[in-house]
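In: heads up, no residue letters with this:
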């Protein structure tokens, strides 16, 4: 028997319609929707474990956005025809969605959640990056996973002085303001994008236009949740609690942490050793059988106290951990032409954070070829950001750039792109 789908729709300020359909595809998932605008369709699914991930004190959320070449009637170029590893573009959209929905879960929720977003039909007149978070939030909204949404995300661009929500590709390329904005009904959650030099009033107007459109999309998700009957979410208890232990640790260690923080030790490692000694000494006083049962809670509560004491020191005495005043930035120094054979190089240091940067000029043969479902062509300006383990004194395998590295490199690229000659940035 053909399943009966439930469909809701909303309109953008220019009259274009966005529809959400649920109940037809991916029925084994906890939540699944198809969001459509024009000929662009995104299948969003969400699956959440019933039990918390063992040992997790965070939200084990994963978001994967993938564009199927078949969505545009294309076959992947090169020798490998199977679509596998996410491209940088897909990773960037995955991060946009992750950053928008992650704050909407309770801090004590530790069950694994996997959000999968697939572009199943593509249309350059309806770019998918402005719909991905809308689709993810809709899938969560029709599930029983405890999600404090809904939220949505739109692209807002200013074209010839007029703001456009979810512009076409042609409009996007003409825009002097190009932002992705994520928000709930009440608050703006995240802003990312690029623009020419514009006034603060123009930026505020762009955010206002985006939020107005997002409120409409949030409201239609609320209606969809009611229609599906998923207003009651699953009950969970992922954290053990011991208020008596929390109070005991606070009474015994808070003042010690406060006094240690007040020493304002500039060296991060010495400061960390001092904080570690406080909790290590306390643990030595705990009977072995109690420690075996409550060690994780002890460390959790100590971390809370440490954060609270350091924050209160800054608020009450205007003191920061490393000895700086509230208005003082870390010491900065830089050096250019550090590497003799590179076309350009620089060392930049702020406090204990250091960057070694090189620049290389190439020919037209060095352009990066782009072969994607939605975009194809070439890129003349590439910026790669790397964060090796030794930079933080950690031992970790080098398995290629992570999502954070891809994201930070993109932010730096966007900042520089606007001040380079246009012919080098296409």
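Out: Thanks, I have the structure now. Here the structure is a predicted model, which means the values were calculated and not measured.

In: check which helix or strand covers residue 42.
Out: Assigned by DSSP states H and E, residue 42 falls within strand 40-52.

In: Can you point out the buried residues in that strand?
Out: Residues of strand 40-52 classed as buried under the neighbour-count rule (16 or more other Cβ atoms under 10 Å) are 40-48, 52. Quick note: C-beta positions are derived from backbone N, CA and C, even for glycine.

In: Just list what that strand packs against, helices and strands only.
Out: Applying 3 or more Cβ pairs under 8 Å, 6 or more residues apart in numbering; DSSP states H and E, we find strand 40-52 packed against strand 31-37, strand 111-121, helix 132-141.

In: Adding mean pLDDT, write these out as TSV.
Out: Formatted as TSV, these follow (pLDDT from 0 to 100):
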stretch	mean pLDDT
strand 31-37	97
strand 111-121	96
helix 132-141	97
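
In: most packed of the ones you listed?
Out: Highest mean neighbour count of the helices and strands packed on strand 40-52: helix 132-141, a mean of 30 (counted as mean count of other Cβ atoms under 10 Å).

In: on that earlier part again, and which of the buried residues of strand 40-52 is nearest residue 160?
Out: Nearest to residue 160 among the buried residues of strand 40-52 is residue 40, at 23.6 Å by Cβ to Cβ.

In: wait, what's in contact with that closest one?
Out: 119, 121-123, 126-128, 131 (Cβ atoms under 8 Å, 6 or more residues apart in numbering).

In: Can you lay out the residues you listed as JSON lines showing distance to residue 195?
Out: Converted to JSON lines, the contacts of residue 40 look like this (distance: Cβ to Cβ, whole Å):
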{"residue": "119", "distance to residue 195": "26"}
{"residue": "121", "distance to residue 195": "30"}
{"residue": "122", "distance to residue 195": "26"}
{"residue": "123", "distance to residue 195": "25"}
{"residue": "126", "distance to residue 195": "22"}
{"residue": "127", "distance to residue 195": "17"}
{"residue": "128", "distance to residue 195": "21"}
{"residue": "131", "distance to residue 195": "21"}
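
In: Scan these and report the most crowded one.
Out: residue 131 (28 neighbours; other Cβ atoms under 10 Å).

In: And that one, how far from residue 253?
Out: 49 Å (Cβ to Cβ, to the nearest Å).

In: what's the answer for residue 97, then?
Out: 39 Å.

In: neighbour count winner among those two?
Out: More crowded of residue 97 and residue 253, by other Cβ under 10 Å: residue 97, with 25 against 21.

In: now that one, what's its secondary structure?
Out: Here residue 97 is recorded as helix under DSSP: H, G, I helix; E, B strand; the rest coil.

In: Contact partners for it?
Out: 63, 65, 115, 117, 132-133, 136, 153.

In: One more: residue 376?
Out: Per Cβ under 8 Å, 6+ apart, neighbours of residue 376: residue 370.

In: so what's it bridging to?
Out: Residue 376 forms beta bridges with residue 371, as assigned by DSSP bridges.

In: Which members of the contacts of residue 97 define the maximum pairwise distance?
Out: 115 and 153 (13.2 Å).

In: Report how many residues lie close to residue 286.
Out: Neighbourhood size, residue 286 [other Cβ under 10 Å]: 15.

In: Who are the contact partners of it?
Out: Applying Cβ under 8 Å, 6+ apart, we find residue 286 in contact with 294, 298.

In: in this protein, what spans have low per-residue confidence?
Out: The chain contains residues with pLDDT under 70 at 421-426.

In: residue at max distance from the center of it?
Out: residue 287 (41.8 Å; Cα atoms, centre = their mean).

In: what about that one, distance to residue 221?
Out: 51 Å.

In: returning to that earlier point: against residue 305, how distant is the residue farthest from the centre of the chain?
Out: As judged by Cβ to Cβ, residue 287 and residue 305 stand 21 Å apart.

In: Next: residue 402.
Out: From residue 402 across to residue 305, the span is 31 Å (Cβ to Cβ).

In: Show me which of these two is the more surrounded one.
Out: When residue 402 and residue 305 are compared for neighbours, residue 305 comes out ahead with 21 against 13, by other Cβ under 10 Å.

In: hang on, that one packs against residue 251?
Out: No: the criterion here is Cβ atoms under 8 Å, and residue 305 misses it with residue 251 at 10.0 Å.

In: by contact count, what packs against the helix or strand residue 293 falls within?
Out: Using DSSP H and E, the element containing residue 293 is helix 288-317. Counting contacts by 3+ Cβ pairs under 8 Å, 6+ apart, helix 288-317 packs against helix 243-262, helix 268-283.

In: got the angle for the first one vs helix 268-283?
Out: Comparing the axes of helix 243-262 and helix 268-283 via axes from the mean of the first three to the mean of the last three Cα atoms, to 10 degrees yields an angle of 150 degrees.

In: Can you name the element that comes right after the helix holding residue 293?
Out: strand 332-336.

In: partner strands of that following strand, parallel or antiparallel?
Out: As defined by DSSP bridges, the strand partners of strand 332-336 come to strand 344-350 (antiparallel).

In: List the buried residues for the helix or strand just after the strand it pairs with?
Out: Helices and strands here follow DSSP H and E; after strand 344-350, the next one along the chain is strand 353-359. For strand 353-359, the neighbour count (16+ other Cβ under 10 Å) marks residue 357 as buried.

In: Okay, now the sheet partners of strand 353-359, with direction.
Out: strand 344-350 (antiparallel).

In: which residues touch the partner strand?
Out: Under Cβ under 8 Å, 6+ apart, the answer for strand 344-350 is 329-339, 354-359.

In: same thing but at 7 Å, please
Out: For strand 344-350, contacts defined as Cβ atoms under 7 Å, 6 or more residues apart in numbering pick out 330, 332-339, 354-359.

In: The strand holding residue 42 pairs with which strands, and in what direction?
Out: Counting by DSSP bridges, strand 40-52 is paired with strand 31-37 (antiparallel), strand 111-121 (antiparallel).

In: Would you map out the domains in the protein?
Out: According to automatic domain parsing, the chain comprises the domains 6-228, 248-317, 332-424.

In: Distance from the shortest one to the middle of the chain?
Out: Here the centre of mass of C-alpha atoms in domain 248-317, compared against the chain's by Cα atoms, centre = their mean, to the nearest Å, lies 30 Å away.
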